[in-house]
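Asker: Predicted structure and sequence below. I'll ask about it afterward.
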Amino acid sequence: MTDDHEPSAAARPNPFPPGASAMLGELPDEVAGLDTRAIRTARHVVDEYLARGLRPWRDTRARPGPVADPRELTDDEAVRASSTGASGEVIAVFGEAGTGKTHLLNTLIHRLRHPAPGAAIPRKIVYLSAQASDFGTLYRTSFIPRFHPDELKSVVLGYYADVVAERLRTDFPQLTEQARALERRDPSVDPRTLARQTGLAARVPRQLQERLWQVTGSKQFGTAFALLADVQLALAVMDWLAGGVPPDARLQEQGVTGELSSDAQMLDCMGALTSLYGRQGLHFALLVDDIERLLGRPDQPPADTPKSFHKLLRTFVESGALLVLGGLPEYVDQIPAEVRSRIRTLISPSPLDGEQIAEYVRRRQGGVLDPFEQSACDAIHRLTGGRPRQVVRLCYRSFQLTEPPAKVDVPAVHEAARRENLGYVASLDDIRSQVSEILTGRGWDAETRHPLRPGGERPDFWIAMPTGQDGAGCAIVVSGRLVLPTDAEPLIERVETLRRDSPERRVVVVTGFLSEEIRPALTQACGAPPIVYAADRFHEVLTSRLDELNREILGRRPGPGPAAGGDIALMRDSVDRIRRQVTASHDRVLDLQNQVEQIRRHTDRQLQAIKSDLAHLPAAAGQEPEDPGRELPEAVVRLFTLALDSLAAIDDVDAYIGRAFDLSRDDAATTGAMLNYRLRRYEIFEAIGVSMVLRRLVTSFERSVASWLADVRSRSGPGSGLGPGPTADDRARLDRLCEAFDASYDAVPLSSLSQLDALSDDAVPGLSGSVAQVAIAESLDGLSGRVRHNVLSAAETMDRDPGPPPV
């Protein structure tokens, strides 16, 4: 075999994931499992919280008699009323994108689910990723659907039992033993049966409502929670709690009026649910990632949101609950002081050092470091600053590009950083095009390649601040990857030239990869931090950076008073930008209208052509084409079959849905009503959608690989005049197919699959979301590397007597 056809290192299964964008709720991976300072702190805080005993609340006021003051409590009274005698905890986990913030939150979730021996297991753990466009959407589609009516009813029945126990002690002293059994939640004693037997059944519902008014500090929520005990009203209560709709007429008759429509009302509902659990002595945990998206911009929140958010934090502490907030560092700096004072613990993810990176490599490779050298791990640390996301991607790329028997050494790591944008592949022209679109869409008056001095440097984009002059403003320079200090020297010289005539100029460098060794010098030279291009956040990051620089530059300009000049300049600039945005939007609408009309005409022509073709279609042509996957080697077919079988496990929801239409079952009506409620949940459809995307992704990958192999065989067979096996170009095409699959698979939120658990009350074969998630991860993680290895082996041996390809 020639050197051109030696199997590359990439033919080995790559043990590293192509990306490291964690999804909230996933099992902690090897990065999160490393023993960093942040991980130790997180586990300690959770263990300490779970070790605290919660004392169920008891009404200590004089009895008997109705509640003398059924009025709505003030915020302070409501928070004090929810005290359980034990302190809750509010934790903030803040870090830049890619630093391991979500991994750290997943470590907290895992610890809550699997606490230290002897510690309490929380009754309820809710975790939310605030990816919705607004808080109301997040609340309706992600928060409330996490609560099952039967689950809340079980908690409410605990209060029902307390009320019955108190009445038994007062009215039936001879039943004190039964009252004790109710208080210790003896499952053999049913509080509803005791209430009926003692004639208390008619009085307990009203007293339960009054009790829950005190628990939640709200007549509305207290009444609604009490009505959950009524099976006829439970779904109506859940619909009202979901917000956005007025209460059912039956609820209005009971005193539940008005809909939950504002962010403040929904925050109050979160607090009421927290109190509902906490005052029964039940640990309750809520974890929210991307908190900066939860409440809008921290400098311009809705008028009533900070007050309600502050009340929510106080309620968590006083109810003995756990609240974990994850977000970007700048957001916590802008949280009002009175709210920030409630955050007891602040944790920032710890960067990985060279030794920890080496330990991560060993864990991914079954305990061995080879082919990585320790010096390569140290180089990865220097380049990435120890940021877990970049560490993982650089490990993946370094392994992928190294040819055996060569080692992954320092030069290999540098080459990997230059060759790959760590998962976000984009050419410089593509980045410039995106920058131009963002500037136009945001109304910035930007000039392209504008000379800031005759014969001088021309930045890619120049934004005068204010418009109409060249002294102050922001230049944008799009740069290639900056791996070594020598890579940055020409760029720094260019930046210094751009700023030489005016210190008020700022330069924003946009690059595909930036070594952390270079970042400080480049930031100092530019007067602004550089931006590392990431497709998912580039618009947000660039817009925020330009707004910040605009405020900084215009705020320094002289005016009639110390700040007046800056304020007037900012106002004038904002008006001009709005005018340009409106003009740009109008032009874009006209362009879209023209494009739609062109698409319509083109579609009409295609439709006519298809009709004509169908009219002359031979009979045999309508047969199903042969599946290209049948031409794949047996070992490759087994890999794809295993992957598709793992997906089949989460597609089978027919059994449960069929129950709703099986009238021979006694529970058909109840099942149908519950199915209707559960299918309203956004996460259920998200999970089903994820499974469909994964299936299409795998089948498309299989067809593409089969086509690649067929093409190689057709050109490399006997008599073709070509050498045996795939050429270098063929290998490159196969690499691109594998990388396309890896990039798409990495973007799929596998954690959504766990939501399918909620679709069924009993065991539907194959429907366990957590089990399915593990099976899918086992069959799809590293699938491209295994497929590449086997299909290359088949292609290289097709002119010889092939044995069974290696698995």
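Answerer: Thanks, I have it. Numbers count the residues shown, from 1 in each chain.
Asker: tell me the contacts of residue 182?
Answerer: 161, 162, 164, 165, 168, 189, 191, 194 (C-beta atoms under 8 Å, 6 or more residues apart in numbering). From N, CA and C alone the C-beta is placed, and that goes for glycine too.
Asker: Okay, and residue 276 sits in which element?
Answerer: Using DSSP states H and E, the element containing residue 276 is helix 263-278.
Asker: about what we covered before: which of the contacts of residue 182 sits closest to residue 47?
Answerer: Nearest to residue 47 among the contacts of residue 182: residue 162, at 29.6 Å, using C-beta to C-beta.
Asker: Counting neighbours, what do you get for that closest one?
Answerer: Applying other C-beta atoms under 10 Å, we find 24 residues neighbouring residue 162.
Asker: what packs against the helix or strand that contains it?
Answerer: Here residue 162 sits within helix 149-171, counting by DSSP H and E. For helix 149-171, the packing partners by 3 or more C-beta pairs under 8 Å, 6 or more residues apart in numbering; DSSP states H and E come out as helix 176-183, helix 191-197, helix 204-216, helix 219-227, helix 234-241, helix 263-278.
Asker: Assign the residue lying closest to residue 460 once chain neighbours are set aside to helix, strand or coil.
Answerer: The shortest distance from residue 460 to any non-neighbouring residue, by C-beta to C-beta, 6 or more residues apart in numbering, is to residue 478 (5.1 Å). Here residue 478 is strand, with the state taken from DSSP: H, G, I helix; E, B strand; the rest coil.
Asker: ok, back up a step: most neighbours, which of the contacts of residue 182?
Answerer: That'd be residue 164 among the contacts of residue 182, by other C-beta under 10 Å, with 29 neighbours.
Asker: Make sure it is actually in contact with residue 191.
Answerer: Yes. Residue 164 sits in contact with residue 191 when judged by C-beta atoms under 8 Å, with a separation of 4.5 Å.
Asker: picking that back up, flag every buried residue along the helix holding residue 162.
Answerer: 149, 152-153, 155-169 (16 or more other C-beta atoms under 10 Å).
Asker: Helix 263-278 and that helix, what's the angle between them?
Answerer: 60 degrees (axes from the mean of the first three to the mean of the last three C-alpha atoms, to 10 degrees).
Asker: Helix 149-171 vs helix 234-241, what angle?
Answerer: Using the same axes, to 10 degrees: helix 149-171 against helix 234-241 is 110 degrees.
Asker: separation between residue 524 and residue 491?
Answerer: To residue 491, residue 524 is 13 Å away according to C-beta to C-beta, to the nearest Å.
Asker: quick one, which of the helices and strands packed on helix 149-171 is nearest to residue 308?
Answerer: Judged by C-beta to C-beta, the one of the helices and strands packed on helix 149-171 that comes nearest to residue 308 is helix 263-278, at 3.9 Å.
Asker: As TSV, the helices and strands packed on helix 149-171 with mean pLDDT and distance to residue 472 would be great.
Answerer: Compiled in TSV, these are given as follows (pLDDT from 0 to 100; distance: least, C-beta to C-beta, whole Å):
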stretch	mean pLDDT	distance to residue 472
helix 176-183	87	72
helix 191-197	88	73
helix 204-216	89	55
helix 219-227	91	54
helix 234-241	89	53
helix 263-278	89	38
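Asker: now those as JSON lines including distance to residue 705?
Answerer: What follows is those, written out as JSON lines (distance: least, C-beta to C-beta, whole Å):
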{"stretch": "helix 176-183", "distance to residue 705": "64"}
{"stretch": "helix 191-197", "distance to residue 705": "62"}
{"stretch": "helix 204-216", "distance to residue 705": "58"}
{"stretch": "helix 219-227", "distance to residue 705": "55"}
{"stretch": "helix 234-241", "distance to residue 705": "47"}
{"stretch": "helix 263-278", "distance to residue 705": "48"}
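Asker: closest to residue 397 out of the ones you listed?
Answerer: Using C-beta to C-beta, the helices and strands packed on helix 149-171 put helix 263-278 closest to residue 397, at 42.3 Å.
Asker: Report all helices and strands that the closest one contacts.
Answerer: Partner elements for helix 263-278 (3+ C-beta pairs under 8 Å, 6+ apart): helix 135-138, helix 149-171, helix 204-216, helix 219-227, strand 284-289, helix 305-318.
Asker: circling back to that earlier point, between residue 524 and residue 491, point out the one with more neighbours.
Answerer: residue 491 (21 against 10).
Asker: measure that one to residue 418 for me?
Answerer: Distance from residue 491 to residue 418, by C-beta to C-beta: 15 Å.
Asker: Over to residue 115?
Answerer: Between residue 115 and residue 418 the computed distance is 46 Å (C-beta to C-beta).
Asker: cool, residue 451 as well?
Answerer: On the measure of C-beta to C-beta, residue 451 and residue 418 end up 31 Å apart.
Asker: So for the two, which sits in the more crowded spot?
Answerer: residue 418 (17 against 13).
Asker: what sits against that one?
Answerer: Applying C-beta under 8 Å, 6+ apart, we find residue 418 in contact with 481, 483, 513.
Asker: Dump those to JSON lines, plus distance to residue 267, neighbour count and secondary structure.
Answerer: Shown next, in JSON lines, are these (distance: C-beta to C-beta, whole Å; neighbours: other C-beta atoms under 10 Å; DSSP: H, G, I helix; E, B strand; the rest coil):
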{"residue": "481", "distance to residue 267": "44", "neighbour count": "19", "secondary structure": "coil"}
{"residue": "483", "distance to residue 267": "46", "neighbour count": "21", "secondary structure": "coil"}
{"residue": "513", "distance to residue 267": "41", "neighbour count": "25", "secondary structure": "coil"}
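Asker: And these, which is closest to residue 273?
Answerer: Of these, the one sitting nearest to residue 273 (C-beta to C-beta) turns out to be residue 513, at 44.8 Å.
Asker: Need the pLDDT of that closest one.
Answerer: Listed pLDDT for residue 513 reads 82.
Asker: Need the nearest residue in space to it, chain neighbours excluded.
Answerer: Distances taken as C-beta to C-beta, 6+ apart put residue 481 closest to residue 513, at 4.0 Å, once the chain neighbours are dropped.
Asker: shouldn't the one you found be in contact with residue 509?
Answerer: No. With contacts defined as C-beta under 8 Å, residue 481 does not count as touching residue 509, sitting 11.8 Å away.
Asker: Which neighbouring elements make contact with the helix or strand containing residue 391?
Answerer: Per DSSP H and E, residue 391 falls inside helix 388-401. Counting contacts by 3+ C-beta pairs under 8 Å, 6+ apart, helix 388-401 is packed against helix 30-33, helix 354-364, helix 374-384, helix 410-419.
Asker: Turn those helices into a markdown table, columns for mean pLDDT and distance to residue 248.
Answerer: Formatted as a markdown table, the helices and strands packed on helix 388-401 follow (pLDDT from 0 to 100; distance: least, C-beta to C-beta, whole Å):
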| stretch | mean pLDDT | distance to residue 248 |
| --- | --- | --- |
| helix 30-33 | 59 | 44 |
| helix 354-364 | 91 | 54 |
| helix 374-384 | 92 | 55 |
| helix 410-419 | 87 | 60 |
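Asker: picking up where we left off before, mind putting the helices and strands packed on helix 263-278 into CSV with distance to residue 519?
Answerer: Output for the helices and strands packed on helix 263-278, formatted as CSV (distance: least, C-beta to C-beta, whole Å):
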stretch, distance to residue 519
helix 135-138, 34
helix 149-171, 48
helix 204-216, 49
helix 219-227, 49
strand 284-289, 26
helix 305-318, 34
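Asker: Any idea which of the ones you listed gets closest to residue 177?
Answerer: helix 149-171 (9.5 Å).
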